[in-house]
Every structure is written in structure tokens, then in C-alpha cells.
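Enquirer: this one's structure only:
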């Protein structure tokens, strides 16, 4: 098991979770879906830049760590497409004045992101039959039809990618866990604006809600399923 | 503004959130409700003990930090009761076999907490008209009637207390924020099993979802409201 | 009290509900919002026509009863706009292939409504700050951010208009009731494709979930509130 | 196809729905679950009685039509138990004062049902591993963990039984349809306090949300699935 949260998580923290019995593997089912959350130019910038430069272009940008994740998501996406497995894009639509609510109070700059920032990052952009899920809140499930789409596709396992680890990724993982989907988080496929926050949120997710693992681990698991269960879909590729 | 997340949050982390424009005060409305989440003996133990001793009694116990929070919650609760404001108790009911789901996989020990652990901590226990909200998932809103209770009571501000900061408190704050309630988190009234995780989750909540402040700040705000808005309720006390 | 459900509701039916103690007035609060559901050309046609003619243009059309309701909704809408009260438009967006789900199975024709049918009926169309709520299911609350918009606007009373009485209007009224909003249904402002079904659904709504009354009754109630509570808003008109 | 809604549904009504393209079969999946909603003594009475006598015992009672349905549900339940398929009991728990909300306004008598009325009807009562789902609103999904239980059990088809047809059964069918479960309603297994309302609601459900069919049709469908999919479960009986 990798431990991308060391430090700031300490040996004492680890000992406490161990004593409490958290962090057992939750495993996966046989019908996975891939969620690519908020991978729009507003979260990575028009090109890889260090964070403090990137944030000048879009205040919502995480900078070059976002682009590193994009390349990993692209590898995973190719596997899902090759196996004909469902891919869904929870994303933020351009804000309307009436959308402000508590978010507009807490993070006012988020209401003024330039329109072009909302475009999907080309390397992992949606294709014709992919499901677009516009959302207004952290969780991709909150106020959206996401759970209905997943039930319609008989999904039992949700692979969560995109950003931010501490925001929409975590909130989505918590809700997916609460709905009783199996949840997998490929650790190189999620990103955030601060390394401390990214690390501790990955730790929380791994201890309580999901199996956090390298992208290659998720690819291996999904490929196994593809061979076993999706017979004719696989052969049509 | 207090900063109970220093360290592990670094100056670099703070500079990043500042640059991104997060963490503005979200303010409060005029009809607050108090949520006391999971303050049951299973989360604090039958008496104050250091964590590694407490966890022997109940694996779900946070130990003496929980008891410190209980005393702070009791102070806040007295203010709500004095003003006749609504108090609600989201809590975990004893687990039935059919409740296991993903939680039973991730944290198996949580299925076997002794029955007496589910009793409410006496210092802050419910009274006759308080609303009991049994829950099965991290967020007090998920799969419960909580939002209906809050709308019925015309609540516009939710004060979140209890545990764990990184678990049910945070998930509840995220959902309350998504529903567009104002959210206040009195920092001494929430607790968790690990100090690093507690601190970083308070930081996340403060940057994105809620106003985190000392208990006394919440008491001052609520008392002001009580004087202004709840006139005859106050006089009946 | 009017009784727009006689017949097909019989004296025996009425006696049963009377004996069971249903149908008491639920009253209204002081901060109403107007929902105009699915009043798009696909549900009324490009001009008033008898049902069997209208259904040739759009299979989803209710025909001339829809236009009669449009004129009543327009009267009510003018009152809400005059008082500066919130107006929200739950509506169906053009269907994407991935939206089929159970609806596409049960009512296949609904997947092929011509694009121009989705335009809002001009007489009651949204203005700049009105809230647009795209939906995919009968209830305007299901899989949408509607409840968050209502909480943000501190709404306590929902006035439900549009179509169909037995479909989206009823499902929305049931959910609004479940969320503990007061629900008012102005009987001339809702419409459906069949008179029997329209009448019995109005009866059900009136017995269990909402106060069903003439448009003028709703206008009187809302105008009273405007005078009492919305002081400066009113004066700005 | 049976037509338990004739009359009051007229030939004109039927022609309208035919012209609009509603009422196609939605079919079923391969992992059904049985919902037995509100089959408690408060809805059928302590013994079969005509409606106006039954309502004297419990105002919420539907009388002897309820008992007729109980016997049909018992037949269906035996099939589900024999095949080891999931059975869930959405039900109303004794009301607490804080539960009144809009329901207490619309139907005040519902707040005072005697405690013994809440017991499950013995003929179809829950066994050890059946899932109990206490609810406070019409839909068995609203404010409950029902959808999480169904996802955990990988259910794709929901068989809805119990009462009332126009209340909890319909609201549950609408939500199950919205979540994209296949929905089956065995027509002899649902009941209501008024024949007109019962018939028209069955019609609405059949046209828009579910496949309404005789109990024997559901038994045949489920038995087929049991033979095909649940192999070893069947043999263990």
C-alpha cells in the first residue's frame, strides 16, 4: 500500500487509525464507471504553470499538478473507452447570478471565472455518448441526476478522478460511499491547490471511504473486470 | 480570526488559499439551529481517558478531547435552550446486520460497538422536544429527514458540533453549505481522533464551507439574534 | 371551497376522506415563491388547438387547456414580479441519448420532441434574474438544486403551476410537502392531457399535500403578504 | 393487459394517452427487491371490516380491501423468501410531536394513531434479516436510506406493494422510476381508501412510471429470474 500522505500525517496519527480499526480495503464490484470531475481549463490553466503563476490566469487553477493528473486520467480514460465502460463528467457550468448562494459568499472570485475556463481539457474531453453532469455544489451527487445515471448503467463501483481532492473529489467520494457504491481513487488522478491539504484529504478518503491506490492498480482491476464480465463489449473494440 | 490549524497547515498553504480568494466570512442568518452530532458514549468513552486507553473501551472513541468538547457544547446548548431555539441530535443508532454496506467493509469494528455506547452523553443529552435524527452515513442530511426538519423550523443558519471533525461534522457542513444554509462551526465544540486530521479538516471547513470561530463567538452571535428576533420566546424563559 | 374534481370523484369518495380526517387547510407562510413547471411550447402547442389536433404537433401537448392555464399563470406571474418575489422555472431540457433511462422505455416518443418545442411559452417566459432549473424527472426537486435555491431565498411557501397535473405538478407538490414547505396550487394554473386524470389528481393534491384554490385566492394571499412583509420591495415597484 | 381503472377512466382518456404514446411496457431487470409499504394494523384494521366501520378503529384504515391485498402480498412474499431475494419494509414509526410538519396540518388525525396500530400485520411481517425503513413522508425514498440499501443489494427492479395506492405507493413508484429502477406494481397487492382514487392512480402509474400487472404476472417474472440468475440461492431453499 502506498502512503502519499506522509508527511504531514505522522506515525502517531497512523497508530490512532490503526487502533480504531479504520482503513480496511473496501474492494470493488464488477461494473465500474469513471467520473472525471471538473477537469476544465479553469482548474489546470491553459498550460502547465507553477501554482502562483497559474492562479493569476484563473483563481480556481491548481497549476502544474493539475496537468500531471490530466496525463494520468488520460491513461485511465483510454482503458474505460477501450472496454466500453461508462464515463461521466460532473462539471461546473458557467455561473449565473442566481447561483451565488453560500459559495458566492465564501469564495466570491469563483463567480467571475472567464467563460473559456469552463471548457473541458482537451486531453480528457467528453465524447458523444459520455454523460455530462452539470453541478453547483461540491458533491457530484448533490442536486444532480448522477445517482440515476449510475443506477441506469447498473454501476456498482465508482472511480473518482479530477479535482479538487479536498473539495469535489472528497465530497463525491463521501456520497458515493454513502450510496453504497464501491469507491476507488487513483492517487495520481486527483489534484488540489495545496500539498498539505491534498495529502491529508487522501488520507481521510483512504481511511474512511474508498480504496486509494496508484493509477496502475485501478487499470489492472478494471482490465480484469473487462476480460471477465464485459465479454462482447471487449471484443467489439 | 483564530487559526487552530497551525501547524500542520504551512505559510505556503495559507498563501495559496489567499491567492485563490477562499475563506471569506459567510456570515449568519437570523434563525439558527444547533446540531449535536454523535455525542454518544461510544465517541468519548465512559470517562475522560487518553486516546490509546479510550479506544480500548470503544474503538470509535476519541478520548479526552471529546470530553473537552462536551463541556463547550454544554455551554452553547444552554444558550440555545435559554432562547428557545431548535436543537437537533443526528446520531448513530445501534447497527443492524443489514446496515453494513460499504461502512462495514471499510471499518468492520464499527458494526460491533456495545449497545451502551449508543447512549447520549448525559451532559448534553436530548430533552423532550428535541429532534432525534438517526443516521447511517457521515452526513447528517444523507438518508435522513434533517433538511425537512430545518425547513419546518424556518432555520437559515446551522451550528455544527460534535464529532468527528473529519467525518460526520465535515460531511454535514458540506451538505448544509450545499443546501445554502449559513454554517457556523465553534472550534472547541468539535473533536476527532487525530490532531493532524482534526486541524486540517477545520482548515478546509473554514476555507470553503463555514465560519469557524471560538464557541464564545457563536454564543455572542446567537445571543444577539435572540435579543433581536426571538422576542417573546426569550421573555418566556 | 371549490371542487373541480366533481365528477369523477363521488359522494362516497368524499365521505371516505371526510371520515379519515384528510383535507384540512395547510395554510401558507410569508415568503412565497412561484414555480412555473414545463410551460414550454411542447406542452401547449404553437397555438390553441383541440387535444387530438395538438398532439399531432407535439405528442407531449395538452392542447387548448394548456393555453387557458397560460393566461391564468400570466396574471399570477405579474403579481409575483410586481412584488419582487422569486420566480423559478423547472423545465425539461432537450433530451440527450444518455437521458433515456426508464422514461425512454415507458414513453419513447418523449425522446424525440422537436427542439423548438422546448422554448418557454412567451406569455410567461423567464426574465433576467429568474432561476432556471433544468430537470430530467417528474419532480422539480429530483436531481436538481431546487431545494437549495428555495432555502437561499428563505422561501416557506411554494406556489405550483404548469403541467401536467398528474405528472410534474403532483410529484413536485408531494416533494415540496415532504420538505415541509407550504404548498398552494391555483387550480386554473395547472393542466393535463385528460380531464378525468386532471380532476382526480387535483383531488388527491387537495386532500393530502396542498391547498388547492382559485388563482384569485392565491393572488389575494400573496398580495397580502407583499403588503405586510415585503415592505421596501413593494415600494420599489 | 388488465385494466383495473375502468371506469372511471373513459375511452376518451384512453385515446388521449394512446395518442400521446404513453404506457409502453418498461420491463424488468434481473435483481428484484420487494417493498412492503405501511402494511401495519393502522392501515387495515385488527380484522377485515367495511371501510366506514374500519375507519372508526383507526382513521388511517382502508378496511377490508387492505386485508384482500395482505393475502396477495403474502403469496408474493413467499416467493421472494423462497428465492432468497431482498425484502424491505418502509413503514411509518409512531409519530413524535416534532414530526408534525405539513402532514400534521393537512391530516391532523394522523398524529394520534394508537401505538398498537403501528405493528406490522402478522401475515406479512418482517423476519430477522429484512430491512426496516422507517419513513416520515409519502415516498419510501424521501429522507430514508432506501436507495443506499437497494444499491448495496445490487437491485435493478423494485416491486411495490402495500398502501395507499395514491399516497406512499405512488410516491415511491415515482421516485423509484426517477432513480431508474424498473418498477412493477402487482395490482392486487396495493390498496387505498377510495375506489375512484385507487383506480385512477393505478392508471397514472401504469401510463407513466411502472408496469402494473396481476400478482401472478409478477410471481412468474420473479420465478423466472430466480431460476436463471440466483442459481445457488434457489438450491439452498
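Expert: Now that the structure is in, tell me what you want to look at. In this text the structure is predicted, and so the values were computed from the model without any measurement.
Enquirer: just checking, residue A:159 touches residue A:73?
Expert: No. With contact defined as Cβ atoms under 8 Å, residue A:159 does not reach residue A:73; the gap is 10.0 Å. All C-beta spots, glycine's among them, are computed from the backbone N, C-alpha and C.
Enquirer: Spell out which parts of chain A neighbour chain C.
Expert: Within reach of chain C by Cβ under 8 Å from any Cβ of the partner chain, chain A has these residues: A:96-98, A:101-102, A:129-132, A:136-137, A:142-149, A:152.
Enquirer: rerun that using 7 Å as the cut-off
Expert: Residues of chain A lying close to chain C (Cβ under 7 Å from any Cβ of the partner chain) are A:97, A:98, A:101, A:129, A:131, A:136, A:143, A:144, A:145, A:148, A:152.
Enquirer: Am I right that the second one is in a strand?
Expert: No. According to DSSP: H, G, I helix; E, B strand; the rest coil, the state of residue A:98 is helix, so it is not within a strand.
Enquirer: Contact partners for the residue nearest to it when sequence neighbours are not counted?
Expert: Residue nearest to residue A:98 in three dimensions, not counting chain neighbours: residue C:131, with 4.7 Å by Cβ to Cβ, 6 or more residues apart in numbering or on different chains. Counting by Cβ atoms under 7 Å, 6 or more residues apart in numbering or on different chains, residue C:131 touches A:98, C:88, C:89, C:149.
Enquirer: would CSV of these with neighbour count be doable?
Expert: Formatted as CSV, the contacts of residue C:131 follow (neighbours: other Cβ atoms under 10 Å in any protein chain shown):
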residue, neighbour count
A:98, 18
C:88, 23
C:89, 22
C:149, 21
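Enquirer: In strands, which of these appear?
Expert: Those of the contacts of residue C:131 mapping onto strands are C:88, C:89, per DSSP state E.
Enquirer: Just give me the closest of the contacts of residue C:131 to residue C:123.
Expert: Nearest to residue C:123 among the contacts of residue C:131, counting by Cβ to Cβ, is residue C:89 at 13.4 Å.
Enquirer: Can you tell me which residues in chain A are near chain D?
Expert: Near chain D, when you scan chain A using Cβ under 7 Å from any Cβ, you find A:147, A:148, A:151, A:152, A:154, A:156, A:178, A:179, A:180, A:181.
Enquirer: So which of the residues you listed sit within helices?
Expert: Residues from the residues of chain A next to chain D lying in helices, with DSSP state H as the criterion: A:147, A:148, A:151, A:152, A:178.
Enquirer: Identify, from these, the entry nearest to chain C.
Expert: residue A:152 (4.6 Å; Cβ to the nearest Cβ).
Enquirer: Which residues are in contact with that closest one?
Expert: Per Cβ under 7 Å, 6+ apart, neighbours of residue A:152: C:101, D:180.
Enquirer: any idea of the pLDDT on it?
Expert: Looking at residue A:152, its pLDDT stands at 98.
Enquirer: check whether the helix ranked longest in chain A contacts chain B.
Expert: Counting residues, the longest helix found in chain A (DSSP H) is helix A:64-82. No. Applying Cβ under 7 Å from any Cβ, one finds helix A:64-82 separated from chain B by no less than 11.2 Å.
Enquirer: Show residues contacting that helix.
Expert: By Cβ under 7 Å, 6+ apart, helix A:64-82 touches A:34, A:36, A:39, A:43-44, A:48-50, A:87, A:121, A:123-124, A:161, A:163, A:186, A:188-191, A:215, A:218-219, A:222-223, A:237.
Enquirer: Also stretch A:107-117?
Expert: With Cβ under 7 Å, 6+ apart as the criterion, stretch A:107-117 contacts A:40-42, A:58-60, A:94-95, A:100, A:103-104, B:21-22, B:24.
Enquirer: Can you report how many residues lie near residue A:95?
Expert: 16 (other Cβ atoms under 10 Å in any protein chain shown).
Enquirer: Identify the residue nearest residue A:29 in space, chain neighbours excluded?
Expert: Spatial nearest neighbour of residue A:29, excluding adjacent residues (Cβ to Cβ, 6+ apart): residue A:156 at 3.2 Å.
Enquirer: Might one say that that neighbour is in contact with residue A:33?
Expert: No. Assessed by Cβ atoms under 7 Å, residue A:156 is found out of contact with residue A:33, at 9.0 Å.
Enquirer: Run a quick neighbour tally on the nearest residue to residue A:183 once chain neighbours are set aside.
Expert: Nearest residue to residue A:183 in three dimensions, chain neighbours excluded: residue A:210, at 3.7 Å (Cβ to Cβ, 6+ apart). By other Cβ under 10 Å, 28 other residues sit near residue A:210.
Enquirer: and if you look at residue A:142?
Expert: For residue A:142, using other Cβ under 10 Å, the count is 23.
Enquirer: Do a quick rundown of the strands in chain A.
Expert: Under DSSP E, chain A gives strands at A:32-37, A:87-92, A:131-135, A:157-163, A:182-186, A:190-191, A:211-213.
Enquirer: Tell me which of residue A:159 and residue A:73 has more neighbours.
Expert: Between residue A:159 and residue A:73, counted using other Cβ under 10 Å, the more crowded position is residue A:159 (29 against 26).
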